[in-house]
Every structure is written in structure tokens, then in C-alpha cells.
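> starting from these lines, generate the structure:
(2 chains)
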There are 2 protein chains.
Amino acid sequence: MKRNLKPKLFIPGPTHVNNDILESMSDYPIGHRTPEFSILYDDIVNGLKKILFTKNQIFLCTCSATGLWEAAVRNTVLKRCANFACGAFSKRWHDVTVMCGIKADLIEVELGNPITAEIIDKTLSSGKYDAMTFVHNETSTGVMSPINEVAKIMKNYPDVVFLVDMVSSMSSVKIPIDDLGIDVALASVQKGWAIPPGFSICSVSDIALSRSSKCSNKGYYFDFKVLEKYANRSQTPSTPSIPHLYALSNQLKRINSEGIEARFRRHQDMASIVQSWAKERMSLFPDDRYASTTLTCVENSLNIDLLMLQNLLLEQGYLISGGYGPLKGKTFRISHMGDLMPQEIYKLLGIIDQIIEEINK
Amino acid sequence: MKRNLKPKLFIPGPTHVNNDILESMSDYPIGHRTPEFSILYDDIVNGLKKILFTKNQIFLCTCSATGLWEAAVRNTVLKRCANFACGAFSKRWHDVTVMCGIKADLIEVELGNPITAEIIDKTLSSGKYDAMTFVHNETSTGVMSPINEVAKIMKNYPDVVFLVDMVSSMSSVKIPIDDLGIDVALASVQKGWAIPPGFSICSVSDIALSRSSKCSNKGYYFDFKVLEKYANRSQTPSTPSIPHLYALSNQLKRINSEGIEARFRRHQDMASIVQSWAKERMSLFPDDRYASTTLTCVENSLNIDLLMLQNLLLEQGYLISGGYGPLKGKTFRISHMGDLMPQEIYKLLGIIDQIIEEINK
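Numbers count the residues shown, from 1 in each chain, chains lettered A, B, ... in the order given. Okay, here's the model as predicted:
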């Protein structure tokens, strides 16, 4: 079977990247201790602050978001961390926390369900924790947990640092970081930002920074205080990925020209399109109320041969994702975030319809 | 004063990058859990093993080399680490070690001197250490320490893990990792590899891997055992920088077409050119016998206004480095590694000569 070697990406990450952004990756590098670098750095940080609705420190990190999971817990947990999980990725943040030698408990809900304000309230009311981790959008199940309600409850726990993974929602969904009181918000760039993988972003509050001063054995690479010291002079502690900075700077311009509110609306529109399609053909895996705005996890209620579906799509130049872990064969996932447009989503769904018809012949 | 915004780089990093390599950074990404990814991964790892003369595990890491400093010590030190330093960067590896909560001692030599087999022997004979860090090429002073002699002495200390920073020598200088018994060899790609910054490479021996099994609180992102688990299936634990993998794959092809021995010779030739020039005009900062093959640190014995020299060079589109830290004003540094060619070095030196003449008028 012929496979298209560079299929268009409809997977949760890396997501589709526009040519314009790809081209900025190949600009000639500049020295990271030059005035030109600091201008680029400031330009990006200021742009990010607007889109994230925050006055917090912004750190630009050469790593994947997994590295920032580690950073978030190493810099803030003094007592014990509550890791809330509703799928494979939020659960892995717990594994990472434990591997850092940090005391932590895993609080899990059933696959397909969200992490609710209730479960968080119940857990934190024990008084055992001084930090919690929350994954806004769980890509393994297509669940977007209710961050606004969660943030409301978190106001009752001012001593519990609020660590949020926005890996697959940042820049796609409106999350006003300062209003919600999020202490650390982190994401990689190969999801909603629609930039090739290899770089991450986080915002860090004063509370998280003052915690960091009290934490030990943080290492250097992910130490918020080291990052802060260099950020204050518009630099990074070590040589960053300059190509990713070029791409990010370009992407911020593109987002501004689309308009951030229009971008959020486009994501809602794309989610509606895919969710309606999925409910008409099969069904949604998650509870309808918590179906993600950036990725749809479709329950394979028609019992289609998903491997065949994926392979036939590949032949036409499209890559989607199967079910993750225990959901393999039972679900498939279509990503609709970043720079994808509604017409591209319609086109993909049309092709899937044709393939399903063909398979069912 | 007009400044050229994208000057050609003759700094120790990022170094000059060829258009061909830059272009590969903008190829459309592929999914990191696809068969195509694993083919790319294997191709790179096999290519690296040849150039590094090793059968050890190779890990491809989305971070700067600073991250791998941390990885090297977190995964191998159970007792106490000896950090040998001959300048700012080798000294920083000690700071990083301590910041990881690892017991460590700093053994420093005077600026301009190398780390010798003698000082290592003297230190390790105490029996206090189970790991040591060694920076092959110290870019702040232009000193290349005698790695062959050091490796010979290290054979007497089989219980001391040999951790080597090859940041500014890997792929530029022949370092047969297995013959020398190097347990961890690490480098970023924006030096000798002549790829834009944002990615790092390391080779890890079985001894280092078995140490890693015994170390705790390593975290996840830099855990050699996690990296090994994924490397064994030709993948990385988290989404890597795909653009850097494209560039690395392309660079390996280019190196093979030049011939690795020819590449090493070209670096020796460029070093001779710059060293002769420096000795004729002024003098070398380091002891002649240990002058680096990849970067020359020139002693400013003519007492030139170095800021003026650098600025006038910038106007003509060239970026060189001033002295680092305490050597500011006293030295300047010209990098001659990666994809630079002797004729480009001659051209730069000619322009520097003109500028010095102009300044001295």
C-alpha cells in the first residue's frame, strides 16, 4: 500500500503548520546575547501576555511541555502535590511528579469524565496539599475540563498553587490567566500555536516564583528563579531555539491579524462542525458538556476497522489519530486546532464519510 | 551607526549555518509516533554512531546542552562528583551539579590553562568520587584540554563515571568515544554541527545506564532510563523538535559527502590559519599547546578598542565575540568550526586587519 510520506496533520500534535510559519523556521540565526535578540524576545513576551491575558512572567523554554511539567512541580511543591487525572496525559504528570522525588497523590476520574470543581474541592479540603496539577484539555479522551468553575473553587485555596497544563488549549480557547488566578500555565508550541514541535511557553505568577525560592534540588535548566533572572534582561539562561522564536514571533503577528477573538470563535466553529458530524454518524466519547473545543474523540459505535480507516486516509494524504491506550480500537481522534480552517475540516470529514461508505460496502 | 541585523556568525555559538541546512528546518512536520519518524530517527542515530566512533546508546534531546549537563550528573552520581573547571562554562557545570542537590567539588585551574591528566589523577586518587565532569573545549578561554591523556588516566578509575562536554568539539575534532571510555558525551547542535540552536545529542554507556537505574529523583525529562526505553523503539519520550531532526539528518549526509576525516582536517587547517594570524599580530591567550581547534581566544596585546573592532565588523556583516567575564576587554574570540571554510576565515581576518589599521591611524 502506497503511503503518503508527508500527510496533512489532523492529529493532536504536532498539528498542521502553515507554509508561512515553516518558512520563518529557516531564517538565519542571530546571537542570543545580542541587542537584536532581546528585541525579538520582548516582542514575543509582550505578544504572549496579551493572548494569555496575564501580567505574570513569561518564560520561553527550549523543551517539550513534558519538561515544563517537571519545572512546575519542582519549583512549587514544598509539602504535597495533588495530581488530578482524567486520562493518560494528566496521569503522566503524576508519574513525572513522583519521579522528581516529590510527595504526590493521584486523584483519578473515569475515562470520558472531566476533572470537576467538586472533586478538587473535596480533595484539597483535607489541607494536605500545597500544589495541584490540572490538565485543561486531555487529548487522550477529548475531554475539556471546566476551568472556570475549577478556578472559582481554587480561590478558596490561596495556599494551594494552581498548576495548569494548557498544552492543547492555549491560544485556541480564551483562558484569562490572571482573572482565573493560574499560577503556572504551560504549553508546547506544536498544538494550538501551530508551530513545529520543539519549544514551550509558560507563565509564572509571583506566588509560584516565591515558592521557587524555597524549593531545593530544582536543578538549573528548569529553575524558575534562573529563568526569571535572565527574563529580566530579555534573555534566556542558555542558547534557545532561535528558529522557534522566529516562528513564534511570526505566529503572533498572524494571530493579531486574524484577531484573537476571531481565532477563539473559529475554534468553537470547528469543534461544532466535528461534534455534530460525530454525533450524526456515531457518538462522542466524552460527556457532551465537556467535549473538547480543540480535539474530538469519536466513539467507534459503528465498529469500523479503524486501522483501515486511518490507512485509507493516509493514502489520500491525511493523518488522524486512533484511540489512546485502553481506548484503542474503540475511539478515534480528530484534531481541529491551530491554523486549520473550517473548510479543511469539512473536506476531511467528507473524505472520512466516503471511506466509511467504501468500507461498509 | 548602522548595524547589519543578520551578521555572519563567527561566535562560539550559534555558529554559521548553511542555507541548505536552514532550508531543511522548514520541512513540513511528521507525527512522532509514525513509522516514518522511526526511520528518520534510526538514520540519524546510526549516522551519529559513526561520527562519534561509538556503539553506546545515542539520545536525541530537545534542550540545550545545559539540560544535558543536568542529565549527566542526575543519572550517574551516587556518591560525589568532581567538577573540573578551566573557565566559565566548565565552572557552570559545577553550579548546575550543586543545584541538582548532588554532592560535588569544584577543582579549578587558572584561566588559560587546561585540565590535565595530572590534576585529575591527583583528585580522583582520594577515592571520594564516583563521577567526574570534564569540558573538552572551554570556549570562554579557547583552551582545548588534552582528552586523550585524560582518558588514559581515567582507565585507572573504572568506578568513576567519565562525563564529557563536547559542546564545541563534537564533529569538529576526532574523539573516539568507545576507545577513550567516555561514559556520557554531550553536545548541542549549534556549534560544530552548524545547525540552528535548540537541540542536543548525547551518547551514554552501559555503565552510565546501570548507574541511572540506581539514582533517584532524576525527574522524567532527563532520565536516561526513560530515554533508553523509547530509543529502543526508535522514538523519543516526548514530542521532539522535528525541524532539528530534519536538519541533523541533512547535516549527516553533508558530512559524509565531505568525508569525516576531511572535516577534521579542515578544522585543523582553520585553527592553524587563525592561530598563526593571532600570533603574528598579537598573541594567543591560552598556552600554545592547548589552543583550541575550534575557537581562538586572542590576547589583546595591541590594546585595541575591542568594542570598536566588533562594531566596525558588524557594519560589514560579521559577528565575533569579545572576552568572556573577567577576560572582557583583554581578549576577543573568533570561532572557526562547523561549516565555515578556510576562505571565509581568510576573508574575516583580512577585514579585521583593515579595521585594526584604520583604528590605529
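> for A:Cys297, grab the count of nearby residues.
When neighbours are defined as other Cβ atoms under 10 Å in any protein chain shown, A:Cys297 has 29 of them. Every C-beta, even on glycine, is put in place using the N, C-alpha and C of the backbone.
> that one touches A:Leu284, doesn't it?
Yes: between A:Cys297 and A:Leu284 there is a contact under Cβ atoms under 8 Å: 7.1 Å.
> what do these two both touch?
A:Gly142 (Cβ atoms under 8 Å, 6 or more residues apart in numbering or on different chains).
> so how far is the first residue of stretch A:331-342 from its last?
The first and last residues of stretch A:331-342 sit 22 Å apart, counting by Cα to Cα, to the nearest Å.
> next structured bit after the helix or strand hosting A:Ile255?
Per DSSP states H and E: A:Ile255 is located in helix A:242-258. Using DSSP H and E, the helix or strand that follows helix A:242-258 in sequence is helix A:260-281.
> can you list contacts of that following helix?
So helix A:260-281 is in contact with A:50-51, A:171-174, A:192, A:255, A:258, A:284, A:291-294, A:296, A:298, A:302, A:334, A:336-337, A:340-342, A:345-346, A:349, A:353, A:356, going by Cβ under 8 Å, 6+ apart.
> how about a cut-off of 6 Å?
Helix A:260-281 is contacted by residues A:51, A:172, A:174, A:255, A:284, A:291, A:293, A:296, A:298, A:334, A:336, A:342, A:345, A:349 when judged by Cβ atoms under 6 Å, 6 or more residues apart in numbering or on different chains.
> is the fifth one bridged to anything, and to what?
Spelled out, it's A:Leu284. Assessed by DSSP bridges, A:Leu284 has beta-bridge partners A:Val298.
> how about the residues of chain A by chain B?
A:5-6, A:11, A:14, A:22-23, A:25-26, A:28-29, A:31, A:36, A:62-64, A:66-67, A:70, A:96, A:99-101, A:190, A:196-198, A:217, A:219-221, A:238-239, A:241-243, A:319 (Cβ under 6 Å from any Cβ of the partner chain).
> from these, which ones fall inside strands?
Using DSSP state E, A:Leu319 are the members of the residues of chain A next to chain B that sit in strands.
> and the residues of chain A next to chain B, which are buried?
Among the residues of chain A next to chain B, those classed as buried by neighbour count (16 or more other Cβ atoms under 10 Å in any protein chain shown) are A:11, A:14, A:22, A:25-26, A:28-29, A:31, A:62-64, A:66-67, A:70, A:96, A:99-100, A:190, A:196-198, A:217, A:219-221, A:238-239, A:241-243, A:319.
> just the ones of these in helices?
A:Leu22, A:Thr66, A:Gly67, A:Glu70, A:Val96, A:Met99, A:Ile242, A:Pro243 (DSSP state H).
> include pLDDT when you put these into JSON lines, please.
Below are those laid out as JSON lines (pLDDT from 0 to 100):
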{"residue": "A:Leu22", "pLDDT": "97"}
{"residue": "A:Thr66", "pLDDT": "98"}
{"residue": "A:Gly67", "pLDDT": "98"}
{"residue": "A:Glu70", "pLDDT": "98"}
{"residue": "A:Val96", "pLDDT": "98"}
{"residue": "A:Met99", "pLDDT": "97"}
{"residue": "A:Ile242", "pLDDT": "98"}
{"residue": "A:Pro243", "pLDDT": "98"}
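> mind giving me a markdown table with the residues you listed and columns for distance to B:Lys330?
Formatted as a markdown table, these follow (distance: Cβ to Cβ, whole Å):
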| residue | distance to B:Lys330 |
| --- | --- |
| A:Leu22 | 44 |
| A:Thr66 | 43 |
| A:Gly67 | 37 |
| A:Glu70 | 40 |
| A:Val96 | 45 |
| A:Met99 | 45 |
| A:Ile242 | 29 |
| A:Pro243 | 34 |
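> which two in those residues are spaced the farthest apart?
Farthest apart among those by Cβ to Cβ are A:Leu22 and A:Met99. That separation is 34.5 Å.
> so for the most centrally placed residue in chain A, what's the pLDDT?
Note on chain A: the residue nearest the mean C-alpha position is A:Val167, at 1.2 Å, using Cα atoms, centre = their mean. We have a pLDDT of 98 for A:Val167.
> name the nearest residue to A:Lys103, sequence neighbours excluded.
A:Arg80 (4.5 Å; Cβ to Cβ, 6 or more residues apart in numbering or on different chains).
> what's the end-to-end length of stretch A:288-296?
End to end - Cα to Cα - stretch A:288-296 spans 11 Å.
> so what are the domain limits for chain A?
Using automatic domain parsing, the domain ranges for chain A come out as A:8-15+A:259-360, A:19-257.
> secondary structure of A:Lys347: a strand, I assume?
No: if the criterion is DSSP: H, G, I helix; E, B strand; the rest coil, then A:Lys347 is helix and not within a strand.
> for the stretch 101-250 of chain A, just list every one of the helices.
For the stretch 101-250 of chain A, the helices defined by DSSP state H, counting those that start in this stretch occupy A:117-124, A:147-154, A:177-180, A:206-214, A:224-231, A:242-258.
> buried residues, the fourth one. List them.
Spelled out, that is helix A:206-214. Those would be A:Ile207, A:Ala208, A:Leu209, A:Arg211, A:Ser212, for helix A:206-214 by 16+ other Cβ under 10 Å.
> go on, the third one?
Burial within helix A:177-180, assessed by neighbour count using 16+ other Cβ under 10 Å, is assigned to A:Ile177, A:Leu180.
> check the fifth one too.
Residues of helix A:224-231 classed as buried under the neighbour-count rule (16+ other Cβ under 10 Å) are A:Phe224, A:Val226, A:Leu227, A:Glu228, A:Tyr230, A:Ala231.
> grab the nearest non-local neighbour of the second one.
Among residues not flanking A:Val226 along the chain, A:Pro237 sits closest, at 5.1 Å (Cβ to Cβ, 6+ apart).
> who are the contact partners of the residue in the stretch 251-361 of chain A that chain B sits nearest to?
Residue nearest to chain B within the stretch 251-361 of chain A (Cβ to the nearest Cβ): A:Leu319, separated by 5.9 Å. Residues counted as contacts of A:Leu319 (Cβ under 6 Å, 6+ apart) are A:Pro7, A:Leu9, A:Ile11, B:Gly31.
> which one of those is nearest to A:Leu327?
Among the contacts of A:Leu319, and counting by Cβ to Cβ, the member closest to A:Leu327 is A:Ile11, at 14.7 Å.
> for the stretch 201-350 of chain A, which residue gets nearest to chain B?
Closest point on the stretch 201-350 of chain A to chain B, by Cβ to the nearest Cβ, is A:Ser241, at 2.5 Å.
> for that residue, give me the pLDDT.
On the pLDDT scale, A:Ser241 gets 98.
> same thing with A:Ser249?
98.
> so which residue of the stretch 1-150 of chain A comes closest to chain B?
A:Gly101 (3.2 Å).
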